[in-house]
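S.K.: Have a look at this fold, sequence not included:
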């Protein structure tokens, strides 16, 4: 399991229970509201909002929920959320980056620190591990969107850095600056992508044994379960057996 394309929400993998979906929708709505508040409330004119809406659609969030979250940004009673990044080390020397939207920095920092401590890791200063990652854009398309050759050719012509194909589809990697332009170009050819956002892509991944891997997966699970945490990235891989066991 690599942190390359973000975790597909470990808790979410365990099923579609109502409580889990409600928590996921709450996080998606928070990002939509913040994005709309920071820019124009029109996804076509606001790249961050566009990415947030795509993420919500990918999780089958109802259209009414999305529109309500956008409208909420114009309200005077909207909470003020701060964007915070936490960095730390998990067992085995694995580097972890946590992105959060919080209305209480002290609360969130304390909770994140406690998760690292409980898991045998440690929270570090901002910048302590981010140099092990590249902050890049990623655009995801389903496999049916195009042939591998067609996607590769179109992506490179649009200015993408790389294309990674799998049975699940394609990941088009871009620089931070070119994400919007590349996404618009590819969308005009292949339709709406499943995702178009910024991620932290590790330079390399570290293989860990099952004992350390279980601790790390539990740490990631606790982080993802926190209401304030939006994204978790890490530079490790675990065995398919452990991943399957943990996702049961």
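M.R.: Ah, there it is. Only a predicted model underlies this, so the values are computations on that prediction, with no experimental measurement involved.
S.K.: and residue 232, how far is that from residue 154?
M.R.: Per C-beta to C-beta, to the nearest Å, residue 232 is found 31 Å from residue 154. The C-beta positions use only the backbone N, C-alpha and C, and glycine is treated the same way.
S.K.: Look at those two and report which has more neighbours.
M.R.: residue 232 (24 against 19; other C-beta atoms under 10 Å).
S.K.: beta partners for the more buried one?
M.R.: Judged by DSSP bridges, the bridge partners of residue 232 are residue 98.
S.K.: Same question for the residue nearest to residue 109 when sequence neighbours are not counted, what's its three-state structure.
M.R.: Closest residue to residue 109 in three dimensions, ignoring its sequence neighbours and counting by C-beta to C-beta, 6 or more residues apart in numbering: residue 86, at 7.2 Å. Of the three states, residue 86 takes strand under DSSP: H, G, I helix; E, B strand; the rest coil.
S.K.: Tell me, how many residues neighbour residue 86?
M.R.: For residue 86, the neighbour count with other C-beta under 10 Å is 24.
S.K.: Sketch out the low-pLDDT regions of this structure for me.
M.R.: Counting by pLDDT under 70, the ranges of the chain that qualify are 1-17, 76-78, 247-248.
S.K.: which one's the longest helix in it?
M.R.: helix 18-38 (DSSP state H).
S.K.: which is the next helix or strand following that helix?
M.R.: Moving toward the C-terminus from helix 18-38, the first helix or strand encountered (DSSP states H and E) is helix 47-58.
S.K.: dump the residue contacts of the residue nearest to residue 58 when sequence neighbours are not counted.
M.R.: Of all residues not flanking residue 58 in the chain, residue 194 sits nearest, at 5.0 Å (C-beta to C-beta, 6+ apart). With contact set as C-beta atoms under 8 Å, 6 or more residues apart in numbering, residue 194 has these partners: 54, 58, 140-142, 169.
S.K.: what about 7 Å?
M.R.: For residue 194, the contacting residues are 54, 58, 140-142, by C-beta atoms under 7 Å, 6 or more residues apart in numbering.
S.K.: Now do the SS call for the nearest residue to residue 32 once chain neighbours are set aside.
M.R.: Of all residues not flanking residue 32 in the chain, residue 69 sits nearest, at 4.0 Å (C-beta to C-beta, 6+ apart). Classification of residue 69 using three-state DSSP returns helix.
S.K.: is it true that residue 69 touches residue 34?
M.R.: No: using C-beta atoms under 7 Å, residue 69 is not in contact with residue 34; the gap is 9.4 Å.
S.K.: Overlap of the contact sets of the two?
M.R.: With C-beta under 7 Å, 6+ apart, residue 69 and residue 34 have no common neighbours.
S.K.: neighbours of the closest residue to residue 28 other than its chain neighbours, just the number please.
M.R.: With C-beta to C-beta, 6+ apart as the criterion, residue 28 has its nearest non-adjacent residue at 4.5 Å, and that residue is residue 56. When counting by other C-beta under 10 Å, one arrives at 22 neighbours for residue 56.
S.K.: how far away is residue 107 from residue 227?
M.R.: 10 Å.
S.K.: With neighbour numbers in mind, choose between those two.
M.R.: residue 227 (14 against 11).
S.K.: does that one count as helix, strand or coil?
M.R.: When the rule is three-state DSSP, residue 227 gets the label coil.
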